[in-house]
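>>> Build the 3D model from these lines:
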Amino acid sequence: MAVHVPRRGFCKPWDVGDGQIAATLGADGTVLSVHGPHPRWGWVHLSGFPPFEEAGRFDPDYVRGYRRDLENPRGEGLRVEVEGCALQHRGWLDGAVPVWRYEGEGLEVCWTPLPYQGRLFLWMQVRSRHVSVDRAKVRFRVRWRLHPAAYGQITEGGPLPRASSANSLRWRRGALLWEAFGLPAWGVLYPVPEPRELRGGDPPEASWEEDLPLPEGFGDRLLVVWAGSHWPEEVQVPAGQEVRAWAGEAVEARCWQGSRPRNPRLRTFLQRQLCFVLDCCAVSVGDATALVTDPVLLPLSWNRDAYYLACLLGSACRFPGPLADRARRALAGHLRWLFWVAHRPDGWWGRSHLTGGAVKDPVFQLDQQWYPLLELARAVLDWGLPEAWSEHHPQALRVARQLLEARHPSGLWPTAQSPADDPLELPYHFSSHVLAWRALTLLSRLDPSGPWAREAENVRDAVRRHFVTPEGTWAYATDGHRHLLYQDANDLPTACATRWGFLDPKDGVWRRTVQFAWSSCNAGFFPGPKGGLGSVHAPGPWTLGDLQRFVVGCEFKEAVRVRAAWRRLREVAADDELLPESYDPDTGAPRTRMWFAWPGAAAAALLLGDPL
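Next up, the predicted model:
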């Protein structure tokens, strides 16, 4: 197996997972956090992350600062050091499994995290380069605590009740045990000799040393980590040969075998996005699958973000190979989660949901109601899941009829917030109506006897009547009289309006809207050497804005614009190929959210030819 060492991109923590458990590791291999779903709190961490101060929950500056602390690739956690060795590099085994390599004083060390069946196996292999070196001294220090995800949001939509995260740490029968009864949650690390030092605090800390013999010049050490909402079951520690076989299986299961794209760099980018979504964002909830927007900062499910993750899963599952098979299962599971697990008080999905389905933010956003209907329709029509219609169409059509009944006499639907999660002074939002038209159009193909085709045309007619501004552009939002002149990176349906068929590519209003979006007249445009379309929600160019630039360039048939958009995405990507939310318009350095699955998934779906 070949190790690919990144040569570019900003340094961020790297992630592994298997859909049941996930972990984040720092630049030197420190295990910063092990995390996964929790039935009450949605997500729980066993981590060295600092505590979130509830007094700052409604302070955007505090929230952004706290997120930066979690993004620190040199934070606290489980640190393992082999005496005399220093980090040489970190890379990816065949682009699939991360590995850290260290060298020094006649030793070579390889450190590999392997998630398997809901546990994280940490495998250290030590090889002697000299006959005289027959053992290695290894130091272990762990500073972890159990706590629920902080869910720090710039526009808080519904804080959860405060949880008691008081932790106890003890050693018992060869294992370190963390307990947080107020959650409740448990964590375990084993096999571990009785630590020389075990201290309380926040987080508690344990440390110990081991002499690792190197018979015939080789030795290995395996640690197992688990965290969850019930008392951990004992699992026998496997032998090195078994772990070696798992490593091969893990790589094989994460290799992309599709015929597209052909460019090797684009194939690597696609593989990393697909692995991140399947390993760390596609969370098993019984026989369903929640799609969270990231596993660290905001492990919540927004229907909007999840739809674009589903576009990647749906376009990938049309190809052969184990990754494609996993994508198909995750997509089918997500549809079950949307229609049978996610809570819908008063019939509506919330702004965001916990992994178990409970509403986190009880805010009505119009697009969040249409995205699940669009995802179901596309799963049946475009992605090869015809059985999903018979399973979910009663629920989907019930939501669609409820939406038609909730429409204003103007023919438009009001929404409380924009797709950027910001309040809207004007109630009717343009791109959400483009989305509604597309969902209704596809529903008409699946249920020809329903009113969906007629209602789709009614939506388009209402948009034409109410959203054209005196300047001859599409308004971002309107009340039927006033218009908001603004465009935002979050509104992908605006850029996709022509490729979806809502508008003709030669439509002058749409072309003027696009020209306005990338101009200094738009408060969502941020000029500079790395300038671009962004959002006032988090000032700066956004990678979603670069995606819009790519889509618009394809519609205009402007190869220069298309190449420039893709080049920008490559320039601002991290060293694990993931895309940040926003970046500095002068330098391209990330500004907000190093973990943000939406733009990378949408970009990879476009590479596979998906129209989004």
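>>> Distance of the closest residue to Gly350 other than its chain neighbours relative to Pro37?
Closest residue in space to Gly350, ignoring its immediate chain neighbours: Val359 at 3.5 Å, by C-beta to C-beta, 6 or more residues apart in numbering. Every C-beta, even on glycine, is put in place using the N, C-alpha and C of the backbone. In this view, Val359 and Pro37 are 16 Å apart by C-beta to C-beta, to the nearest Å.
>>> between those two, who's got more neighbours?
Neighbour comparison, Val359 and Pro37: the larger count goes to Pro37, with 23 against 19 (by other C-beta atoms under 10 Å).
>>> Would you agree the more buried one falls within a strand?
Yes: judged by DSSP: H, G, I helix; E, B strand; the rest coil, Pro37 forms part of a strand.
>>> residue contacts, the closest residue to it other than its chain neighbours?
In this structure, Pro37 finds its nearest non-sequential neighbour in Thr355, 4.3 Å apart by C-beta to C-beta, 6+ apart. Listed by C-beta atoms under 8 Å, 6 or more residues apart in numbering, the contact set of Thr355 reads 37-38, 42-43, 283, 285, 290, 292, 299, 301.
>>> try Trp100
25, 28-29, 87, 89-90, 110-112 are the contacts of Trp100 under C-beta under 8 Å, 6+ apart.
>>> buried stuff in stretch 357-368?
357-361, 363-368 (16 or more other C-beta atoms under 10 Å).
>>> swap in stretch 518-531?
Under the neighbour-count criterion of 16+ other C-beta under 10 Å, stretch 518-531 has 518, 522-526, 530-531 buried.
>>> ok, which pair from these is furthest apart?
By the measure C-beta to C-beta, Ala523 and Lys530 form the most distant pair in these, at 18.3 Å.
>>> With pLDDT added, can I get the contacts of Thr355 in TSV?
Formatted as TSV, the contacts of Thr355 follow (pLDDT from 0 to 100):
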residue	pLDDT
Pro37	97
His38	97
Gly42	97
Trp43	97
Val283	98
Val285	97
Ala290	98
Val292	98
Pro299	98
Ser301	98
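>>> closest to Thr498 among the residues you listed?
Minimum distance to Thr498 across these is 29.4 Å, recorded for Ser301 (C-beta to C-beta).
>>> Could you list every helix and strand in contact with the helix or strand that contains Arg591?
Element membership for Arg591, per DSSP states H and E: strand 590-592. Secondary-structure packing of strand 590-592 (3 or more C-beta pairs under 8 Å, 6 or more residues apart in numbering; DSSP states H and E): strand 582-583.
>>> Does the strand it packs on pack against any helices or strands, and if so which?
Judged by 3+ C-beta pairs under 8 Å, 6+ apart, strand 582-583 is in contact with strand 590-592.
>>> what comes into contact with the biggest helix by length in the chain?
When the chain is parsed with DSSP state H, its longest helix is helix 387-405. With C-beta under 8 Å, 6+ apart as the test, helix 387-405 has contacts from 332, 335-336, 338-340, 344, 347, 369-370, 372-373, 376, 379-380, 413, 436, 439-440, 443, 446-447, 450-452, 455.
>>> Could you tell me which of those are located in strands?
In strands, defined here by DSSP state E, there are no members of the contacts of helix 387-405.
>>> List only buried entries from those residues.
Of these, these count as buried by 16+ other C-beta under 10 Å: 332, 335-336, 338-339, 344, 369-370, 372-373, 376, 379-380, 413, 436, 439-440, 443, 446-447, 452, 455.
>>> thought Gly562 was touching Val551?
Not Gly; residue 562 is Val. No: using C-beta atoms under 8 Å as the test, Val562 is too far from Val551 to be in contact (9.1 Å).
>>> Compare the two (neighbour count), which wins?
Under the criterion of other C-beta under 10 Å, the comparison of Val562 against Val551 puts Val551 first, with 25 against 18.
>>> Based on its surroundings, how many neighbours for Pro394?
Neighbour count for Pro394, taken as other C-beta under 10 Å: 9.
>>> repeat for the one 3 residues further on
With neighbours defined by other C-beta under 10 Å, the count for Leu397 comes to 17.
>>> Quick one: mean pLDDT for stretch 67-78?
Average pLDDT, stretch 67-78: 96.
>>> Identify the residues contacting that stretch?
Taking contacts as C-beta under 8 Å, 6+ apart, the residues outside stretch 67-78 that touch it are 11-13, 26-28, 30-33, 47-50, 122, 140-144, 152, 189, 203, 223, 225, 296-297, 592-595.
>>> Narrow those to those in strands?
31-33, 47, 122, 140-143, 189, 223, 225, 592.
>>> which one of these sits closest to Phe502?
Proximity of the ones in strands among the contacts of stretch 67-78 to Phe502 (C-beta to C-beta) peaks at Thr592, which lies at 30.2 Å.
>>> Show me what that closest one is bridged to.
Ser582 (DSSP bridges).
>>> Columns distance to Trp566, pLDDT and secondary structure on top of the buried residues of stretch 357-368, output as TSV?
TSV is the format used below for the buried residues of stretch 357-368 (distance: C-beta to C-beta, whole Å; pLDDT from 0 to 100; DSSP: H, G, I helix; E, B strand; the rest coil):
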residue	distance to Trp566	pLDDT	secondary structure
Gly357	37	98	coil
Ala358	39	98	coil
Val359	37	98	strand
Lys360	34	97	strand
Asp361	33	97	strand
Val363	34	96	coil
Phe364	36	97	coil
Gln365	30	98	coil
Leu366	31	98	helix
Asp367	26	98	helix
Gln368	29	98	helix
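>>> Redo the residues you listed as CSV? Include distance to Glu555.
Below are the buried residues of stretch 357-368 laid out as CSV (distance: C-beta to C-beta, whole Å):
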residue, distance to Glu555
Gly357, 37
Ala358, 40
Val359, 36
Lys360, 36
Asp361, 33
Val363, 32
Phe364, 31
Gln365, 26
Leu366, 24
Asp367, 21
Gln368, 26
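>>> Domain map for the protein?
For the chain, automatic domain parsing gives the domain ranges 19-253, 365-607.
>>> I'd like to know how many residues surround Tyr237.
Wrong residue type there; residue 237 is Val, not Tyr. There are 14 residues near Val237, going by other C-beta under 10 Å.
>>> Same check on Arg445?
Arg445: 12 surrounding residues under other C-beta under 10 Å.
>>> In the stretch 451-600 of the chain, what residue spans correspond to helices?
452-466, 492-496, 508-517, 543-556, 559-572, 597-607 (DSSP state H, counting those that start in this stretch).
>>> I'd like those helices laid out as JSON lines, including distance to His393.
Listed next are these as JSON lines, based on distance: least, C-beta to C-beta, whole Å:
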{"stretch": "helix 452-466", "distance to His393": "12"}
{"stretch": "helix 492-496", "distance to His393": "23"}
{"stretch": "helix 508-517", "distance to His393": "32"}
{"stretch": "helix 543-556", "distance to His393": "30"}
{"stretch": "helix 559-572", "distance to His393": "36"}
{"stretch": "helix 597-607", "distance to His393": "24"}
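>>> Quick check: which of these is nearest to Gly240?
Using C-beta to C-beta, the helices of the stretch 451-600 of the chain put helix 597-607 closest to Gly240, at 33.8 Å.
>>> one step back: from the buried ones among the contacts of helix 387-405, which land in helices?
332, 335-336, 369-370, 372-373, 376, 379-380, 436, 439-440, 443, 446, 452, 455.
>>> The worst-scoring helix or strand of the chain on mean pLDDT - which strands sit beside it in the sheet, and in what orientation?
Every helix and strand of the chain was ranked by mean pLDDT, DSSP states H and E. The lowest is strand 3-4, at a mean of 82. Using DSSP bridges, strand 3-4 pairs in its sheet with strand 86-93 (antiparallel).
>>> Against Gly84, how distant is the residue of the chain positioned farthest from its centre?
Note on the chain: the largest C-alpha distance from the chain mean falls to Ser132, namely 47.6 Å (C-alpha atoms, centre = their mean). Here Ser132 is placed at a distance of 13 Å from Gly84 (C-beta to C-beta).
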